Structure formats: C-alpha cells, structure tokens
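Colleague: Return a 3D structure for these sequence lines:
(one chain, ligands or ions: 1)
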Amino acid sequence: MSHYQITSLEHYHEAYAESVSNPDKFWGDIAEENFKWMKKWDNVCDWNFSEPKVEWFKGAQLNITENCLDRHLEERGNKLALIWEPNDPKERFIRYTYRELYEKVCQMANVLKKHGIKKGDRVAIYMPMIPELTISVLACARIGAIHSVVFAGFSAHSLADRINDAEAKMVLTSDGLYRGAKEIPVKRVVDEALQTCPSVKTVLVAERTRWAVNMVEGRDFWLHDELDTVNKECPAEPMNSEDMLFILYTSGSTGKPKGVVHTCGGYMVYAGYSFKNVFQYEESDIYWCTADIGWITGHTYIVYGPLINGATTVMFEGVPTFPDAGRFWQVCDKYGVNQFYTAPTAIRALMAKGEDHVLSYSLDSLRVIGTVGEPINEEAWQWYYIHVGKEKCPVVDTWWQTETGGIMISGLGKHSPMKPAHAGYPLPGIQPVLLDQEGNEIEGNEEEGYLCVKHPWPSILRTTYGDHERCRVTYFSHYKGYYFTGDGARRDENGMYRIIGRVDDVINVSGHRFGTAEIENAINANDLVAESAVVGYPHDIKGQGIYAYVITKNPVQNEDILRAEIVETVVEEIGKIAKPDKIQFVSGLPKTRSGKIMRRILRKVAEGDTSSLGDTSTLLDPDVVDEIKNGAL
Ligand code: 6R9
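Modeller: Below you'll find the predicted structure:
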C-alpha cells in the first residue's frame, strides 16, 4: 500500500490511525518514499508547544526546487508545468514545460546571485500574477533566499512595513499590472514604499504593461536585461530541513501584521502530501487554483504543492467577472481543467450574476472542485455543486490557515463523505480538538468549541519573524499544549467539522484576513478622527463586511465627504481590500468602566439586530448605546 496516496475511505481511516499512533513512522515513510533529500534526517519530529519549538526532519538537507523541478526533468521534462492565462482573454497565454520552467528558475536565481543575494537574505516580491512571480518564488528557494511575497494590492505603506520588518535586501516587482478593468502602477507603489526602506539595495522590474516607469540608477534594473546576462544552470543550495523557506505576513488580533515563518523540509512534505490527496491529482490532470500567490493558498497550492507532484498548474492573472462572469468557466473549458479550487466569495459573486454564464460552458473535464478562505454558506455550496460540478464532482471545503501551511480539514476528492458547509474530517497527521473556555477537551459529537490542534504536523508555523514570543503568545499560550487556531468549530453527529468563524478580533473579508485593530489604526491615521472601533457584519458576497464606528475630533460637516476621506486613508494605509463598507459617526463608544470597548454591542448593531443587546448596565455611559442604535446604517 502506498503511503503517499489515499485511494479509498478505508485507506484514509487506516492512514489516519497510523498517523496518530505513530506520527514519526507515518511521516518518515512518506518523506522517504516521495521526496528527494540530499541528506537524510536524524529525527522525524522534535517538539514542544511551550517554547514553542517544532523541528521536522532535523539533520536532513534538501532543496524544495529540486523536488519541484529537477527530479521531474527525466520523466516529465516535456510535460507542461505552468500555464499562464492573462487577464484579457484576447491576449495569448504562456506555457512552460518542466524543462523550460527549470531553466527560467535557474536563470532568475543567477540574476539574484549576481546582485549579491545569498542564502538567508530576504527578498520581497511585490508582483502581479505573471509567470515571473512563480519563477521568482522558486528562484529564491533555489539559492536559499527567503521570499516574502506581498500581495500586489497592498498600499506602499503596508509594503514598506513588511519590507522593513524582514529587512529585505531586494524587491522584485513589475512596471504595472492589469486586474480586471483596473490598471495599477505597481512600480510607483514600490518607489513610494522604498523612501522608507533603507535595507533595499536592488529592485528588479519585470515588464508587463510597458508603461514608462522611473528607474533609479544603480538600484533599479529591468529583469529581461538581467536575464540575458546569465546562464541556465544554477545548482540547488543545500538547505537544512529547518532553514527558513519563506515569510508570509498575515493579520491577527493586534494592529501589526506578523510574518509567519515556514521552513523547508516539513513544509515541502505537507504541501506535496496534502495537494495529492485533497485534489486526488493524477498524472495527466490539469489543475487550477484561482488564488493570488500573494496569499498562502497561492504559495502552497499554485506553486509548491502542484509542482512537487509534477502537476500542470494554471496561473490566472485576472478576476472572475472580467470581461464577464463566465471567465472562470471559459478557462476551465479552454484547458480542460480537472481540479478547480476557488473561494466562496468568488462563488457568491458569480452566483449573483445568474446561471447563464456557467451554463454556456460544458465543464465536462472537472473532477474535483474546492473552496478555501472562509466558511461557505449552504446556498453557495449547492450552487457550486450543481452548476459547476454538475452534481458529479465532490466539493472539497478545505479549512486551513497561513500558519498551518497546508490544508488541515477537508474531504479527499471522492473518497470522503461530504456535507454542505462542512469541511469534514482532518487529514492524516492532523489532530483537531474542540476546547471549552477552560481549555478542557470537549469529547463526543454535536458539540461546539474553540478549534485547536494537538500534535504538530510538518507544515505548522515555526515562529513569527523576529518575534518568537509573539508566536508563543498568539498561538500556544491560550491553551497549554495546543496550537490555537483562532476559529470556532462544531462537530456534527458524525464527527464532521463545520468551521463557524473567527473567535478573535479578526475579520474575514472576501477570504482576506484583517485585524480589527489594524483597520482601526488605519482609520485613526486620518487627522480628523479621534477614535474608532471596527467590527465585521454579514455581507452577501464578501462573507463579512467592515463596519466602522468613528468619533471625529470636530463636529462633522458633511458625512459623505468625511467618509470618502476616511476610506482614502485606509486605502493609503493598508490597501483597497480593507476599505470599510459602512462608516457610522458616533459621539462615543460603548465602553466598560475599565475602558474596554464592548464589541458585542457594536457587532449586534452592525448586524441590524438591535433587539437583544444584552446587559448594558456595566457600561460607563449606557446612553451612547441608544445613539448608536438610532444611527445604525
Ligand atoms: C488558507 C487561508 C485563515 C482563516 C481561518 C478561517 C478561514 C479558511 C476556511 C475558513 C471556513 C474554510 N478559513 N478556510 N473558514 N471554512 N474552508 O485562507 O488562510 O488567509 O490565513 O485565513 O480563514 O477563519 O482561520 P488565511
């Protein structure tokens, strides 16, 4: 029996049981049989969750790009590795075989080296969804540089914060980008960011839009010029299993996004294993994940997971609704996509445009369809299952996080039972538990609690960059001996998990995570604002919308103008993706005597449910609740 691929429900149960009773053997066998190591490990897993310290495959050496590229050359050199579909369907697609991608990555790696990038250096990548992005990520990994991809929709300010936190030496970017009908001057954002980033010595610019850009002498170089000066071979740097592979910033309940750190060996093993099993990828399949590589989903399931498995992975520059709401389905038919992976927010947006767009395509090739990023509501699940999957494709509702590196709870293709809005059962090696307030494990089914995980899995985060204590406090201090996810969940009568949503001050807007404090800080950056409080509220398309209560320093003259100014400030501070949907001006916030904002009340008002605000007697100034209720938007 192969350890690597699960081929039936019984097989899943056996693998799961083994993974729990003997995790070292389970993961050791998988690592040995399916991956290329330069040197074998001494120990499969050493860990404690109190520091925390987690080490997988200690003593081993490897390079993840050898596993993504080199080892496929003999068997799959001419197989397509990457298909790039542009924003505009009238533009030509680009395809790379494994050999071609290998050469591109080596060339890019040589350019990085030429500009002084060495193992351990941090490289920030702020690029649109163009092939150079995938190539850059892999080129960093090739030479042991640590990539920090920043979604190219973040503002200059956010980009600068991330560059500075990681002290990146280099930025890889492009002249501009196309996203739907929008055109964004990416290089200009980088220029602005770099005014406050002393660590950056070099900027490499990929040509995408051919717009005129400002090139700083001695700092900025055109990528295509640089690529011409180097050769197509670059040895893979031997990396220790626990050397850093990448940093990816994500929001938490405090104001400042944190750099989640993943390391080489464990991340590789889990990315490969989870991809293979969740999507049940077979050799000739075409796989497409619509995420952006700026998020963890793109890292693990556009780049690393598929390439480790020798898959053909599609990379899409555009958006679901451009030029029309049939774009996803047109691309599925164009390439004969077999596995399709997207977000509930995209499904809801397309659902709102009506069935016609999806019914005009055959979608015959689809075999597994997946979702990620936020809870999927039953209506969207049904629409996806019926109209996209034609009631013959399993829907894999994959629950996981930036911090988990890979999919944790999900169906495995057709092998698992499925139930709308339920992620289902944990993957082998994953031991989820529900805890109560006091940190006791809740046994049995039909129960709800805080979702935590018991034993480490290979791709669990190792630290938060530059601040290990923050990692400990955020994830390992709430409940001793457990990794705390920040999510609440329920087990149904059969033990299937349903993820309810965040239990901390994180809101999930269209699958993007923001801390309420992070958005409040951005709003407060506006000079006219005295104080603010942000909560999430149910939003038909985005899942959650952003509702802001704002106290101004002076009486408001014109609410609409002020709202527009505050939105503009948030766009400058964070980016367009964090725009508040609603801004209500208030004269005070419901605070307890100790000065804590009672968000429960703000959430209720934002939800439009003002009938049951609960006990407000402990508030410093109960009158403010009436004012807030009366002014609700
Ligand atoms: C991969 C990714 C993580 C948070 C997570 C949870 C929510 C993700 C979900 C889901 C319900 C799913 N989430 N997948 N909720 N069902 N299938 O999205 O990572 O951006 O770090 O977000 O997203 O709340 O805690 P990330």
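Colleague: Flag every residue of this structure that's near the ligand.
Modeller: For the chain, the contact set with the ligand under Cβ under 6 Å from any ligand atom comprises 250, 295-297, 372-375, 397-402, 423, 485-487, 499, 501-502, 508, 511, 513. From N, CA and C alone the C-beta is placed, and that goes for glycine too.
Colleague: Residues contacting stretch 375-384, please?
Modeller: Stretch 375-384 has contacts (Cβ atoms under 8 Å, 6 or more residues apart in numbering) with 344, 347-348, 351, 369, 371, 395, 397, 420-421, 498-501, 543.
Colleague: where's residue 332 relative to residue 88, distance?
Modeller: 18 Å (Cβ to Cβ, to the nearest Å).
Colleague: count of neighbours near residue 292?
Modeller: 21 (other Cβ atoms under 10 Å).
Colleague: can you pull out the helices in the stretch 51-200 of the chain?
Modeller: Ranges of helices in the stretch 51-200 of the chain, per DSSP state H, counting those that start in this stretch, are 64-68, 73-76, 98-114, 131-143, 156-166, 186-194.
Colleague: Against which helices or strands is the fourth one packed?
Modeller: Counting contacts by 3 or more Cβ pairs under 8 Å, 6 or more residues apart in numbering; DSSP states H and E, the secondary-structure elements packed against helix 131-143 are helix 64-68, strand 80-85, helix 98-114, strand 122-125, strand 146-149, strand 170-174, strand 244-250, strand 312-316.
Colleague: and that helix, how far from the chain's centre?
Modeller: 18 Å (Cα atoms, centre = their mean, to the nearest Å).
Colleague: do the same with the shortest one
Modeller: Distance of helix 73-76 from the chain centroid (Cα atoms, centre = their mean) equals 30 Å.
Colleague: residue boundaries of the strands in the stretch 451-600 of the chain?
Modeller: According to DSSP state E, counting those that start in this stretch, the stretch 451-600 of the chain carries its strands in the segments 463-464, 483-491, 497-502, 506-509, 512-515, 529-539, 543-552, 582-585.
Colleague: mind giving me CSV with those and columns for distance to residue 35, mean pLDDT and mean neighbour count?
Modeller: Listed next are the strands of the stretch 451-600 of the chain as CSV, based on distance: least, Cβ to Cβ, whole Å; pLDDT from 0 to 100; neighbours: other Cβ atoms under 10 Å:
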stretch, distance to residue 35, mean pLDDT, mean neighbour count
strand 463-464, 23, 98, 24
strand 483-491, 24, 98, 21
strand 497-502, 29, 96, 19
strand 506-509, 33, 94, 22
strand 512-515, 30, 94, 22
strand 529-539, 40, 96, 20
strand 543-552, 36, 97, 23
strand 582-585, 49, 97, 18
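Colleague: export those strands to CSV and tack on distance to residue 311?
Modeller: CSV is the format used below for these (distance: least, Cβ to Cβ, whole Å):
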stretch, distance to residue 311
strand 463-464, 30
strand 483-491, 28
strand 497-502, 27
strand 506-509, 28
strand 512-515, 26
strand 529-539, 34
strand 543-552, 29
strand 582-585, 42
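Colleague: and the gap between the residue of the stretch 51-200 of the chain found nearest the ligand and residue 221?
Modeller: Residue nearest to the ligand within the stretch 51-200 of the chain (Cβ to the nearest ligand atom): residue 151, separated by 10.5 Å. Distance of residue 151 to residue 221, given as Cβ to Cβ: 23 Å.
Colleague: Have a look at those two and say which one is more surrounded.
Modeller: Taking other Cβ under 10 Å, residue 151 and residue 221 do not tie; residue 151 has more neighbours (21 against 17).
Colleague: That one contacts residue 296, doesn't it?
Modeller: No: the pair residue 151 / residue 296 is not scored as a contact, 10.8 Å apart, by Cβ atoms under 8 Å.
Colleague: can you give me the strands in the stretch 151-300 of the chain?
Modeller: Using DSSP E, counting those that start in this stretch, strands in the stretch 151-300 of the chain cover 170-174, 177-179, 182-184, 202-206, 220-222, 239-240, 244-250, 258-263, 286-289.
Colleague: just so I know, which of those lies nearest residue 613?
Modeller: strand 244-250 (32.2 Å; Cβ to Cβ).
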